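Novice: From the sequence below, what's the structure:
(chains A and B)
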Amino acid sequence: MIIEKTAYMSKLRNADPLLKTLFALAFMIICVAADSFAASFAATAVMLSLVIFAGGAPVKTVVKLMKIPMFFIIAGTVAIAFTASDIPSDMLICARIGARFYGIGKAGLIMAARAAAKCFGAVSCMYFLSLTTPMNDLLTLLRKSPLPAFFAEITELVYRYIFVLFETARKMRTAQDARLGYSSLKTSYKSTGALAANLFINAFERADRAYTAMEARGYEGAVAVLSDEHEKKPYQYVLAALAAVIYAAFAFLCRRWGI
Amino acid sequence: MLVNKKCDKVKILVAVLSVLLVVPALNASAMHIMEGYLPVGYCILWGVLCVPFLIWGGIDMKKQMKSDGRTKILLALSGAFVFIISSLKIPSVTGSCSHPTGTGLGAVLFGAPVMSLLGIIVLIFQALLLAHGGFTTLGANTFSMAIAGPFLSYGIYRLCKKMNVNKAVGVFLAATLGDLFTYVITSVQLALAHPDAANGFMFSLVKFMGIFAPTQVPIAIAEGILSVIIFNVLEASCQKELQRLSVI
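Specialist: Presented below is the predicted three-dimensional model:
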């Protein structure tokens, strides 16, 4: 998983995860609440340059990741921009069906573009967090949060087992592929089904074995984990707070001016 | 007969066709609303609506964990299992690949309340590890994919079981209709957030449902078929485990 890999290599990896999380969430919420082009572009620019210049993430990776929301944005843009009207002058392109005009509306297109920009801004904020902070750090935060302990623990275990099962699934797939399991549509379905079912059986047995092993090592309902040490540089807190305040003021003005 | 020159039926036909052809050809994931696509008010509203279901799931989980110490690890592996299922590519008729949600089968296997709590965990990981969905839209996505869909799937499966319908048919209906319900709820969420300026909510709903139908209807059917195949193998080779989960 490319996001995890980039996070582990990031130069911002050792910064306080709580600070990074709050910073990303603050920008994200302001960006969504502002609903303005300028504020969205500002969030995208700030977050991606932090990821690339301060974090040292490869530009190629970032570009590739920014393409992930594209499917949704294209579909969403078309859906928002498409409209019907009695007056053809509201439309950029339209056709008359019956008594009304159907097509891409001017107001709708602006609304859709704004939504798309907001989406890029908010996704960039999320990428800042996920590309600079390894999951283990985030899970530590979850454990310290007021949420119930068992929820954090199950989340931790899910994270661990995702990789275990992923590896098992990959091996099964290779084996099936080598036996022409994916040569036609029919065999693909059969193979995918068999893979999932066997993965389930595998998971079940693994859970039993893991439990026995843990019990043998004194497991009494809680998994104790050590968390990494993080460097806590005061200037980072000051800069982050300053940036968030400046961004909030900027977003407020953008919203007022309607840009 | 002088209609506005810009208004040309051919143009609109080309536009509609290109959308219908292009959208399914993209590698479609399940219907995650992307980060930032909903206004703040709706983010909070959907999040709040999820809370009672999640608490229900939490109470259910705790009860199960008390009765058997093994349950915690089993639940964790189930969560990971749903994550992996949702990242499997299923070949779709249009030639592209699509991902199932896995929540329908999960609801049948683990029960709907537990599935909703596992679902939100899976959604968090999908947002962080794969950039599908996001934090601001976590509430909305949880409601559609981890609550609405699974609860419907679970209800249908139980109903089919009571009415002595063939188990394969029950699983197929549960998974397919659960998927379709998820897609309808997501469309409702998007339509509420982006109502058509001139024609209102219903028009918007039709638009969103129309634009996602070419990808979501085939995915739902494919997921139904796949769930039946998985369930058949499970039924043939692990009766004991399914009994422990009280599925059969």
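
Novice: Run the chain-centre distance for whichever helix in chain B runs longest.
Specialist: Criterion DSSP state H: the longest helix present in chain B is helix B:200-237. Once both centres are worked out by CA atoms, centre = their mean, to the nearest Å, helix B:200-237 turns out to sit 8 Å from its chain's centre.

Novice: Show me what the strand or helix carrying A:Y189 is packed against.
Specialist: In this structure, A:Y189 sits in helix A:185-216 according to DSSP states H and E. When contacts are defined as 3 or more CB pairs under 8 Å, 6 or more residues apart in numbering or on different chains; DSSP states H and E, helix A:185-216 packs onto helix A:149-178, helix B:71-87, strand B:90-91, helix B:200-237. Any C-beta I mention is one placed from the backbone N, CA and C, and that applies to glycine too.

Novice: Export those as JSON lines, with columns for mean neighbour count, distance to A:E4 and mean pLDDT.
Specialist: Formatted as JSON lines, the helices and strands packed on helix A:185-216 follow (neighbours: other CB atoms under 10 Å in any protein chain shown; distance: least, CB to CB, whole Å; pLDDT from 0 to 100):
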{"stretch": "helix A:149-178", "mean neighbour count": "17", "distance to A:E4": "9", "mean pLDDT": "91"}
{"stretch": "helix B:71-87", "mean neighbour count": "25", "distance to A:E4": "14", "mean pLDDT": "85"}
{"stretch": "strand B:90-91", "mean neighbour count": "18", "distance to A:E4": "24", "mean pLDDT": "66"}
{"stretch": "helix B:200-237", "mean neighbour count": "20", "distance to A:E4": "26", "mean pLDDT": "85"}
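
Novice: how close does the residue nearest in space to the middle of chain B sit to chain A?
Specialist: Chain B has B:M145 as the residue nearest its centroid, 3.9 Å off, counting by CA atoms, centre = their mean. Going from B:M145 to chain A by CB to the nearest CB, to the nearest Å gives 14 Å.

Novice: my read: that residue touches B:G104, true?
Specialist: No. Assessed by CB atoms under 8 Å, B:M145 is found out of contact with B:G104, at 10.2 Å.

Novice: picking up where we left off before, does the longest helix of chain B come close to chain A?
Specialist: Yes. Helix B:200-237 reaches chain A (CB under 8 Å from any CB of the partner chain) through B:203-204, B:207-208, B:210-212, B:222, B:225-226, B:228-234, B:237.

Novice: now do stretch B:170-188
Specialist: No. Judged by CB under 8 Å from any CB, stretch B:170-188 makes no contact with chain A; its nearest approach is 8.9 Å.

Novice: where's that stretch relative to the chain centroid, distance-wise?
Specialist: 7 Å.

Novice: if I pick A:T21, what's in contact with it?
Specialist: For A:T21, the contacting residues are A:129, A:133, A:138, A:141, by CB atoms under 8 Å, 6 or more residues apart in numbering or on different chains.

Novice: Does it lie in a helix or a strand, and which?
Specialist: helix A:17-34.

Novice: what mean pLDDT does that helix have?
Specialist: The average pLDDT for helix A:17-34 rounds to 94.

Novice: which secondary structure elements does the helix or strand just after that helix contact?
Specialist: Using DSSP H and E, the helix or strand that follows helix A:17-34 towards the C-terminus is helix A:37-49. When contacts are defined as 3+ CB pairs under 8 Å, 6+ apart, helix A:37-49 sits against helix A:17-34, helix A:106-132, helix A:234-257.

Novice: among the helices and strands packed on helix A:185-216, which is nearest B:L128?
Specialist: For B:L128, the closest of those is helix A:149-178, at 9.6 Å, according to CB to CB.

Novice: Quick check: closest non-adjacent residue to the residue of the stretch 1-150 of chain A found nearest chain B.
Specialist: Nearest to chain B, among the residues of the stretch 1-150 of chain A, is A:A122, at 2.7 Å (CB to the nearest CB). Excluding the flanking residues, the one nearest A:A122 by CB to CB, 6 or more residues apart in numbering or on different chains is B:G36, at 2.7 Å.

Novice: So that neighbour lies in a strand, does it not?
Specialist: No. The assignment for B:G36, made by DSSP: H, G, I helix; E, B strand; the rest coil, is coil rather than a strand.

Novice: Can you tell me the number of residues neighbouring it?
Specialist: As a burial measure, B:G36 scores 30 neighbours (other CB atoms under 10 Å in any protein chain shown).

Novice: what residues are up against it?
Specialist: Residues near B:G36 by CB under 8 Å, 6+ apart: A:28, A:31-32, A:40, A:118-123, B:134, B:136-137.

Novice: ok, now with 6 Å
Specialist: Going by CB atoms under 6 Å, 6 or more residues apart in numbering or on different chains, B:G36 touches A:32, A:118-119, A:122.

Novice: quick revisit: tell me the predicted confidence for the residue nearest to the centre of chain B.
Specialist: Looking at B:M145, the pLDDT reads 91.

Novice: do you know how far it is from B:M34?
Specialist: 14 Å (CB to CB, to the nearest Å).

Novice: pretty sure A:A34 contacts A:A251?
Specialist: Yes. Assessed by CB atoms under 6 Å, A:A34 is found in contact with A:A251 at 3.7 Å.

Novice: one step back: now tabulate the contacts of A:T21 in CSV and tack on distance to chain B, neighbour count and pLDDT.
Specialist: Listed next are the contacts of A:T21 as CSV, based on distance: CB to the nearest CB, whole Å; neighbours: other CB atoms under 10 Å in any protein chain shown; pLDDT from 0 to 100:
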residue, distance to chain B, neighbour count, pLDDT
A:L129, 8, 24, 95
A:T133, 9, 25, 93
A:L138, 7, 21, 92
A:L141, 12, 16, 91
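
Novice: Show me where chain B has its strands.
Specialist: Here chain B has its strands, by DSSP state E, at B:90-91, B:97-98.

Novice: Any idea how many residues pack against A:G258?
Specialist: So A:G258, with other CB under 10 Å, has 9 neighbours.

Novice: which ones are touching the nearest residue to it once chain neighbours are set aside?
Specialist: Spatial nearest neighbour of A:G258, chain neighbours left out: A:S36 (7.3 Å); criterion: CB to CB, 6+ apart. Going by CB under 6 Å, 6+ apart, A:S36 touches A:254-255, A:259.

Novice: cutoff 10 Å now
Specialist: Residues counted as contacts of A:S36 (CB atoms under 10 Å, 6 or more residues apart in numbering or on different chains) are A:42, A:114, A:117-118, A:121, A:250-259.

Novice: Same question for A:S227.
Specialist: Applying CB under 10 Å, 6+ apart, the residues contacting A:S227 are A:17, A:136-137, A:139-141, A:143-144.
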